[in-house]
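Student: got a structure for you, letters missing:
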């Protein structure tokens, strides 16, 4: 008997349109001989099932069911394609845990931890996973540019602590640019992380659970036409994404080991995509995404394709792994 699969997409953050695109690719690509697929839009103003005619049907949040033509539809598993809150910060994971519905991403604690860049990097540091020198601010804190620069140097990066897709990020070259950059970051989150600039090759490393095993996918090198890997570079073609990355054997070995170690130390499940910058042969972690982009142009599907995993097999495997839990 075919399983009913809810593909959740949308979310409450600036990443809503990217998530809807990811979710629709999942919907179009999965095996309909194995699964009954339902597109569920999780939005601030509504939770709805969107049928093939784009007619909306409300979702009952009490038990996450949908009524269609008088029939109540419940779901065997949820495919999570929400970038940002509430799909990448633990809220949906906790909700489905309470309802005892399997879902494809990591558990709620790991999701909340990785969504918080400051907490993630602090947690991994005792395991020998390196990151840039950083300075933290919370909204309302006094901003002291001289003190910040004394710690992290210039140029530096000002980032929203809990945001994705390079929203709220600025590369700062002068002291006087810090305050506007911090205000921009506060538009996305009430916490800020300011990091020293690492001048080296940037790579993205996908790690997934595939057919019961932890698998590190071929590494992608990021070459941005812009000053850094910003929103334009990610989504508007202003970058080269080279898979496999042009790395030395030492660099490839080191970043593969670190990415796998982070995945296993944190007891991750599902997909992750971690970003690193090299200083010499040593990878420094920037962040870990637990609901990475899933369009055909996105980095993780590119990496899977290079590894010989079709986009359909990638998505089907996520459901099969979740149903094992």
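Tutor: Cool, got the structure. Bear in mind the structure is a predicted one, so any value in this text is a computation, not a measurement.
Student: going forward, measure contacts and count neighbours with C-alpha atoms only.
Tutor: OK.
Student: what are the ranges of the helices in this structure?
Tutor: Ranges of helices within the chain are 16-29, 91-99, 108-115, 117-124, 145-152, 178-186, 231-235, 249-265, 299-306, 311-324, based on DSSP state H.
Student: in this protein, which helix or strand is least confident?
Tutor: Here the helix or strand of the chain ranked lowest by mean pLDDT, DSSP states H and E is helix 231-235, holding a mean of 48.
Student: weakest of the helices of the chain by average pLDDT?
Tutor: Ranked by mean pLDDT, those bottom out at helix 231-235, with a mean of 48.
Student: partners of residue 241 in the sheet?
Tutor: Under DSSP bridges, the beta-bridge partners of residue 241 are residue 222.
Student: got the contact list for it?
Tutor: With contacts defined as CA atoms under 8 Å, 6 or more residues apart in numbering, residue 241 is in contact with 220-223, 299.
Student: Now neighbour count and distance to residue 306 too, for those residues, in CSV please.
Tutor: Shown next, in CSV, are the contacts of residue 241 (neighbours: other CA atoms under 10 Å; distance: CA to CA, whole Å):
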residue, neighbour count, distance to residue 306
220, 24, 10
221, 23, 13
222, 24, 16
223, 18, 18
299, 25, 11
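Student: Quickly note the distance from the one residue sitting closest to the centre of the chain to residue 110.
Tutor: The residue lying closest to the centre of the chain (CA atoms, centre = their mean) is residue 289, at 2.8 Å. Per CA to CA, to the nearest Å, residue 289 is found 11 Å from residue 110.
Student: Can you tell me, leaving aside adjacent residues, what's nearest to residue 43?
Tutor: If the residues on either side of it in the chain are set aside, residue 43 comes closest to residue 11, at 5.2 Å by CA to CA, 6 or more residues apart in numbering.
Student: dump the residue contacts of that neighbour.
Tutor: Counting by CA under 8 Å, 6+ apart, residue 11 touches 19, 41-44, 82-87.
Student: Could you work out which of the helices of the chain reaches nearest to residue 138?
Tutor: Evaluated with CA to CA, these place helix 178-186 nearest to residue 138, the distance being 8.8 Å.
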